[in-house]
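Visitor: any chance you could fold what I've pasted below:
(one chain, ligands or ions: 1)
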Amino acid sequence: MYVPTWPCLNPSYLFSSANGSHLPFPMNAYTRMCFFSARYGIYQLFRALRFQKDEIVLVPDYHHGNEVRAIRAAGASIRFYRIGRNLEPDLDHLEQLCRLHPRALYIIHYLGWPQPMGELTALCRKHGMLLIEDCALSLLSESNGQALGRFGDFAIYCLYKTLPVPNGGVLVQNRGILPELARLELLPCDGASVASRSLELTLEWLRSRSNGFGGALSWFKRAAGKVANQFGIHRLPVGNTGFDFAHVNIGAAPLSRRLLGQFDYQKIREQRRFNYRYLAERLAGKATLLRTDLAEGVCPLFLPLLVPDKHLAAEALWKCGIGAVEFWNESDPEVPAEQFPDSHFLRRHVLELPIHQDVSLSHLDYIAGQIDRLRPIFEVQSD
Ligand SMILES: Cc1ncc(COP(=O)(O)O)c(C=O)c1O
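Guide: Numbering: from 1, shown residues only. You can find the predicted model right below:
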């Protein structure tokens, strides 16, 4: 069996037209801008806000690294605040850091779970800070009936983590449009990058239904990719780690935009919530869930587990065809373990399991069965 890490592209989407259903936020936002990927939207936002070297942004110590690269590339200074083992900010630490008169608070809604927006918006009002919501992992999630990304001054989303599109990061401006962003002209993304990624997503769809056939085709696709590299046919990477100034002005593919009109977003949300609950129930007593709550409106990206050795557990699952994810192994040099113990704990122990809309009931039973079989690897240790 093969359980893909990310949602896959059913080829019928490539040939059908918009289903006419209502587009949710941020896809319907009047002020949205669609970049090749979210990190370039973050960069352009901080550039447009004209951050100077001595102007501080408060950023969570638990982060990917690409958002941090983008903020630094735009010239702003970062001070890190602590995230607890429950994935929420240490509000006392944030309050202390506000003495440095930061200009902005950058928050991340992790894996679909909302941050405490009442407290955070109040803190921003009290200290006159801009609020920027990073919803890269939380597209389609809500808090108290309001879409994540609507609370702050600005929000950034990553499309391809939740939806089967070849690329795309969306920036939304909730309090009027910055003139620098209004003037920005984005270049089209090249066809080879779009075709290559779309083919990969389609092969993943095939492979999740027939591992043998889809696996063989994926092998051919990889071989074709190597040949393309030898002929110098360059494709822009998606979902990689890094920041490339050459890509800061590239827009999302027109195909990504067209596909957005074809998804049934309500069904996607419901499927993810169902899969999360079903797998959580199947894993009860066999593994330790990082979060046991799933409030109304939360659209989970993955099911996060706490495991003793993340890499060992991930490898064991990959060997049986399960696309588990080891998010965020590397910490920033300005986040030493002694001062930021909880984010180091999360980096060492959190493993993500796929529960997206293309994960079927038999996939979920298979994941639960394999974790049961590999039980000692999943028995949690705390430190
Ligand atoms: C929290 C967070 N913010 C921003 C990004 C940047 O996303 P993208 O890969 O679309 O540039 C990522 C992933 O890289 C992320 O995990």
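
Visitor: immediately after the lowest-mean-pLDDT helix or strand in the chain, which helix or strand?
Guide: When the helices and strands of the chain are scored by mean pLDDT, DSSP states H and E, helix 211-230 comes last with a mean of 68. From helix 211-230 onward toward the C-terminus, using DSSP states H and E, the following helix or strand is helix 254-260.

Visitor: phi and psi next, for L49.
Guide: phi -80, psi 0 (degrees, to the nearest 10).

Visitor: with adjacent residues omitted, what lies nearest to it?
Guide: L178 (6.9 Å; CB to CB, 6 or more residues apart in numbering). The C-beta positions use only the backbone N, C-alpha and C, and glycine is treated the same way.

Visitor: pLDDT at the one you found, what is it?
Guide: Looking at L178, its pLDDT stands at 96.

Visitor: pretty sure it contacts A48?
Guide: Yes. Between L178 and A48 there is a contact at 4.4 Å, judged by CB atoms under 8 Å.

Visitor: can you say which helix or strand has the residue nearest the centre of the chain in it?
Guide: Centroid-nearest residue in the chain: L137, 3.0 Å away (criterion: CA atoms, centre = their mean). In this structure, L137 is located outside every helix and strand according to DSSP H and E.

Visitor: I107 is in contact with that one, correct?
Guide: No. When contacts are counted by CB under 8 Å, L137 is not listed as touching I107 (11.8 Å).

Visitor: what's the burial count for E338?
Guide: 6 (other CB atoms under 10 Å).

Visitor: quick one: the strands in the stretch 251-383 of the chain?
Guide: 288-289, 302-306, 350-354 (DSSP state E, counting those that start in this stretch).

Visitor: output these in TSV; the columns should cover distance to the ligand and mean pLDDT.
Guide: TSV is the format used below for the strands of the stretch 251-383 of the chain (distance: least, CB to the nearest ligand atom, whole Å; pLDDT from 0 to 100):
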stretch	distance to the ligand	mean pLDDT
strand 288-289	21	94
strand 302-306	12	97
strand 350-354	11	98
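
Visitor: could I get the ones you listed as CSV with distance to Y160 and mean neighbour count?
Guide: Formatted as CSV, those follow (distance: least, CB to CB, whole Å; neighbours: other CB atoms under 10 Å):
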stretch, distance to Y160, mean neighbour count
strand 288-289, 26, 18
strand 302-306, 15, 24
strand 350-354, 15, 25
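
Visitor: could you dump those to CSV with distance to H101?
Guide: Putting the strands of the stretch 251-383 of the chain into CSV (distance: least, CB to CB, whole Å) gives the following:
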stretch, distance to H101
strand 288-289, 39
strand 302-306, 35
strand 350-354, 33
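
Visitor: out of those strands, the one nearest T121 is which?
Guide: Set against T121 and scored by CB to CB, these come closest in strand 302-306, at 25.5 Å.

Visitor: can you give the strand pairings for that closest one, parallel or anti for each?
Guide: strand 288-289 (antiparallel), strand 350-354 (antiparallel) (DSSP bridges).

Visitor: hmm, who's touching the last one?
Guide: Outside strand 350-354, the residues that touch it by CB atoms under 8 Å, 6 or more residues apart in numbering are 3-6, 111, 279, 290, 301-307, 310, 313-314, 317, 322-328, 363, 367.

Visitor: contacts only, for the residue nearest to the centre of the chain.
Guide: 108-112, 158, 161, 301.

Visitor: from the ligand, how far out is it?
Guide: According to CB to the nearest ligand atom, to the nearest Å, L137 and the ligand sit 6 Å apart.

Visitor: give the closest residue to the residue in the stretch 101-250 of the chain that the ligand sits nearest to in space, chain neighbours not counted.
Guide: Using CB to the nearest ligand atom, the single residue of the stretch 101-250 of the chain nearest to the ligand is A136, 3.5 Å away. The spatially closest residue to A136, leaving aside those adjacent along the chain, is C158, at 3.9 Å (CB to CB, 6+ apart).

Visitor: that neighbour: neighbour count?
Guide: 27.

Visitor: on that earlier part again, please list which of the contacts of L137 are also close to the ligand.
Guide: For the ligand, the contacts drawn from these by CB under 6 Å from any ligand atom are 108, 158.

Visitor: mind listing what's buried in stretch 370-378?
Guide: Residues 370-371, 374, 377-378 are the ones in stretch 370-378 that count as buried (16 or more other CB atoms under 10 Å).

Visitor: now that stretch - C-alpha only, CSV.
Guide: Below are the C-alpha coordinates for stretch 370-378, written out as CSV (Å, rounded to 0.1, in the frame of the first residue of the first chain):
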residue,chain,number,x,y,z
GLN,A,370,1.6,-0.6,10.9
ILE,A,371,1.9,1.6,14.0
ASP,A,372,0.6,-1.2,16.1
ARG,A,373,3.1,-3.6,14.5
LEU,A,374,5.9,-1.1,15.1
ARG,A,375,4.7,-0.2,18.6
PRO,A,376,8.0,0.2,20.5
ILE,A,377,9.1,2.8,18.0
PHE,A,378,6.0,4.8,18.8
